[in-house]
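> Build me a structure from this.
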Amino acid sequence: MTLTSFVTKSAFRNKRRTLLTMVGIALPLVILTVMMTVWRAFYLDNGSEQSTQRLITRHRVSLTFSLPIYYAQKIKTVPGVVEVVPTQWFGGKYIDDKPEHFFAQFATDPQEFFKVYTDFKIPPDQLDAWQRDRAGAVVDSELAKKFNWKIGDRVVLQGTIWDANLELTVRGIYTAPQPTQSLYFDRKYLEEAVPVMKDQSGTFGILADSPSDVPKIAAAVDDMFHNSPQQTKTESEKAFGLDFVAMLGNVKAFILGICGAVVFASLLVSANTMAMTIRERTREVAVLKTLGFTRKTVLAIFVGEAVVVAAIAGAIGILLATGLMFWVGHNPNLGFFQGFGVNTATMILSLLLAGLVGFVAALFPSYHASQVDIVEGLRYIG
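Okay, here's the model as predicted:
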C-alpha cells in the first residue's frame, strides 16, 4: 500500500462523518462560487471587444433628466468619435405588473443604432423593415423566445411614466453577445405619442474609434457641455452599468462579507471535524510511530486526509454552483442575470480555496497529534 492510497482510505474510514463534513464544506462552496461569479460579472468582465469602445452620455445630475437631441451632433465633432445614437427609456407595462413580464424598452434612432452597437447582429432585411416602419421594433433574441414573439407580432406597451400607450410591430430580432432583454423602437414614434419628449433624449450611446480613445472622449464631451444648462456625465459602458449596480447599495462590501463568512464557516466545520477525528486516532498515531513513521510523515498523512476530503467537497460544490448559475443565466425570468456563468478561473480558485480550508483546518490538530509520545499514545483510551 502506498502512502497516497493509505491517506485516501483513511480519509473515508468513517463514511458518515466524512460525508457530513463534505456536505458542510460543499454547501458554503456553492455560495462562495456563486458570489465570485457575480463579482466577476459585475466588476471584472468587460463584455465584448466592441463594448469596450462604447460610452454613454447622460445628464450630470440624474438619469431622470433629459438632454437636448442636438447634443448628438456636437458629440460627433469630438476627435475619436465614430458614431452617436440617442436612447430614451420608456418603461411601459407589458400585459401586467408581474416581474416576469418586465423588460427594458428604449426609443432610439433606427438609422444609427446598429452603427454604434456593432456587436448586435440582425438580418439586413429585418433591419431595413424596422427602418421603414415608424411603429416597428426590434427585440433581443432571448426576449423573443421568452414571449414567443415572431416577426410581425404586435406588442402593446402601456405607459407608466407618460400617459401614452405604444402599439409596436416586431420587425426584427437581433442577437447580442450577452442577452439584453431589451426592445428598441423609433424615437419619432415616441415624440408623436409624448410631445414633451420632442427633441429630447435620456442618453447618448457613443462608439469610439478604439478603447484607448474612451477616456479622452469622456473628458472632451463633458468639457464641451461644462457651461451648458444641461451638463453631462460621460463614462464607459461598463462604468455606466456599474452605476445601476451601485443603486442596490454597497454590493462590493456585501459580496466580500458573504465570501468571508462562508470561508470562516467552512473553516470552523473542517477544524471541528479534524480535531475530533485526530483525537480519536491518538493510539493509531502511536502505532504508526512504533512502525517507524516520522512526525513529519504523520503530519502529512492527517493534513493530506483533510485536503482530500475538502477538495472532493469543493469539486462537488463547484459542480452544484455551475449548474445553478447555468440555470440562472438561461432563465428568461431572471433577465438581470442573463449570461452569467462560472468560468474556469473561478472553478480553479474555488477548488484551491477548498483545499486551503482543509489544510488550515487540519494543520494545528495534525501538528499536535504528530508530537504525541508513543507511550502516552498507546495508553490513550478514547
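
> so after the helix or strand hosting Val214, what's the next helix or strand?
Using DSSP states H and E, Val214 sits within helix 214-224. Toward the C-terminal end, the helix or strand that comes next after helix 214-224 (DSSP H and E) is strand 232-236.

> looking only at pLDDT, what's the mean for that following strand?
Averaged over strand 232-236, pLDDT sits at 91.

> Counting by contacts, list what that strand packs against.
With contacts taken as 3 or more CB pairs under 8 Å, 6 or more residues apart in numbering; DSSP states H and E, strand 232-236 sits against strand 54-59, helix 214-224. Just so you know, the C-beta spots here come from the backbone N, C-alpha and C atoms, and that holds for glycine as well.

> Before we move on, what's the pLDDT of Ser10?
65.

> Same check on Phe337?
pLDDT for Phe337: 61.

> same check, this time on Phe359
With respect to pLDDT, Phe359 scores 85.

> So which residues of this structure form strands?
Assigned by DSSP state E, the strands in the chain fall at 54-59, 67-68, 81-89, 104-108, 136-140, 154-158, 165-174, 182-186, 200-201, 203-208, 232-236.

> For the ones you listed, could you give me a markdown table that also reports distance to Ala129 and mean neighbour count?
Converted to a markdown table, these look like this (distance: least, CB to CB, whole Å; neighbours: other CB atoms under 10 Å):
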| stretch | distance to Ala129 | mean neighbour count |
| --- | --- | --- |
| strand 54-59 | 25 | 23 |
| strand 67-68 | 29 | 18 |
| strand 81-89 | 19 | 20 |
| strand 104-108 | 16 | 21 |
| strand 136-140 | 7 | 25 |
| strand 154-158 | 15 | 15 |
| strand 165-174 | 4 | 20 |
| strand 182-186 | 12 | 24 |
| strand 200-201 | 24 | 22 |
| strand 203-208 | 22 | 24 |
| strand 232-236 | 32 | 22 |
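
> Please identify which of those strands is closest to Ala218.
Among the strands of the chain, strand 232-236 comes nearest to Ala218, with 4.3 Å by CB to CB.

> JSON lines please, covering the helices and strands packed on strand 232-236 and showing mean pLDDT.
Shown next, in JSON lines, are the helices and strands packed on strand 232-236 (pLDDT from 0 to 100):
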{"stretch": "strand 54-59", "mean pLDDT": "92"}
{"stretch": "helix 214-224", "mean pLDDT": "93"}
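
> where's Leu319 relative to Cys259, distance?
Separation of Leu319 from Cys259 (CB to CB, to the nearest Å) stands at 19 Å.

> and if you look at Phe90?
In terms of CB to CB, Phe90 sits 38 Å off from Cys259.

> Looking at these two, which one has more neighbours?
Neighbour count, other CB atoms under 10 Å: between Phe90 and Cys259, Phe90 has more, with 24 against 18.

> Could I get the phi/psi values of that one?
Torsion angles at Phe90 (phi, psi; degrees, to the nearest 10) stand at phi -100, psi -50.

> OK, contacts around the residue lying closest to it once chain neighbours are set aside?
Excluding the flanking residues, the one nearest Phe90 by CB to CB, 6 or more residues apart in numbering is Gln105, at 4.3 Å. Applying CB atoms under 8 Å, 6 or more residues apart in numbering to Gln105 gives the contacts 89-92, 157, 182-185.

> rerun at 7 Å
Listed by CB atoms under 7 Å, 6 or more residues apart in numbering, the contact set of Gln105 reads 90-92, 157, 183.

> Which two among those residues are spaced furthest apart?
Comparing all pairs in the contacts of Gln105 by CB to CB, the longest separation belongs to Gly91 and Leu183, at 11.5 Å.

> shouldn't Ile255 be in contact with Ala41?
No: no contact is recorded between Ile255 and Ala41 when judged using CB atoms under 7 Å, the distance being 11.0 Å.

> For Ile381, report the pLDDT, please.
pLDDT at Ile381 comes out at 54.

> likewise Leu29?
pLDDT, read off for Leu29, is 84.

> Kindly report the same for Lys150.
For Lys150, the model assigns a pLDDT of 94.

> try Leu67
pLDDT, Leu67: 93.

> can I assume it is in contact with Gln230?
Yes: counting by CB under 7 Å, Gln230 is a contact partner of Leu67 at 5.3 Å.

> so what sits against both of these two?
Shared contacts of Leu67 and Gln230, defined by CB under 7 Å, 6+ apart, comprise His59.

> Out of the helices and strands packed on strand 232-236, the one nearest Ala193 is which?
With CB to CB as the yardstick, what comes closest out of these is strand 54-59 (22.0 Å).

> so what does that closest one touch, helix or strand wise?
Secondary-structure packing of strand 54-59 (3 or more CB pairs under 7 Å, 6 or more residues apart in numbering; DSSP states H and E): strand 203-208, helix 214-224, strand 232-236, helix 237-246.

> Strand partners (parallel or antiparallel) of that strand?
With DSSP bridges as the test, strand 54-59 is paired with strand 203-208 (antiparallel), strand 232-236 (antiparallel).

> and of the ones you listed, who's closest to Val82?
Per CB to CB, nearest to Val82 of the strands paired with strand 54-59: strand 203-208, 4.5 Å.

> Report the angle between that closest one and strand 81-89.
Put simply, strand 203-208 runs at 160 degrees to strand 81-89, going by axes from the mean of the first three to the mean of the last three CA atoms, to 10 degrees.

> how's the chain carved up into domains?
3-46+249-379, 61-230 (automatic domain parsing).

> so can I have a markdown table of these showing distance to Lys238?
A markdown table is the format used below for the domains of the chain (distance: least, CB to CB, whole Å):
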| stretch | distance to Lys238 |
| --- | --- |
| domain 3-46+249-379 | 6 |
| domain 61-230 | 10 |
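
> Lowest average confidence across those, which one?
In terms of average pLDDT, domain 3-46+249-379 trails the rest of the domains of the chain, at a mean of 75.
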